[in-house]
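**Q** Sharing a model prediction with you, sequence too.
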Amino acid sequence: MNDDYKPTWRKPVGILALITALMVYAGIVAALSGPLSALPVLVQTPVYLILGVAWLLPLRRFLIWMETGRWG
């Protein structure tokens, strides 16, 4: 290990924030499953695909912040 390495608080806090945010997001999507189940399957499929990928959009900038302390 490099001697000048200093651990930061961003990684543990970031991991906890990520887990919490994903649980909240999953709860929101689960709450939407009732109204979405009334839609035809051909409409449900793209909606669930979009919802399944949407959480990835802010992930890159968040991971950069965890590593560097900058948002981009």
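**A** Received it, and whenever you're ready, just let me know what you need.

**Q** low pLDDT regions in this structure?
**A** For the chain, applying pLDDT under 70 flags the ranges 1-3.

**Q** ranges for the helices of it?
**A** Using DSSP state H, the helices of the chain run over 10-37, 41-54, 59-68.

**Q** Would you mind saying which of these lies nearest residue 4?
**A** helix 59-68 (15.8 Å; CB to CB). Every C-beta, even on glycine, is put in place using the N, C-alpha and C of the backbone.

**Q** Could you export the helices of the chain as TSV, including distance to residue 4 and mean neighbour count?
**A** Output for those, formatted as TSV (distance: least, CB to CB, whole Å; neighbours: other CB atoms under 10 Å):
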stretch	distance to residue 4	mean neighbour count
helix 10-37	17	11
helix 41-54	38	11
helix 59-68	16	13
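
**Q** measure residue 17 to residue 62 for me?
**A** Going from residue 17 to residue 62 by CB to CB, to the nearest Å gives 8 Å.

**Q** My error: substitute residue 43 in the last question.
**A** Using CB to CB, residue 43 is found at 30 Å from residue 62.

**Q** Contacts only, for residue 48.
**A** By CB atoms under 8 Å, 6 or more residues apart in numbering, the contact set of residue 48 is residue 36.
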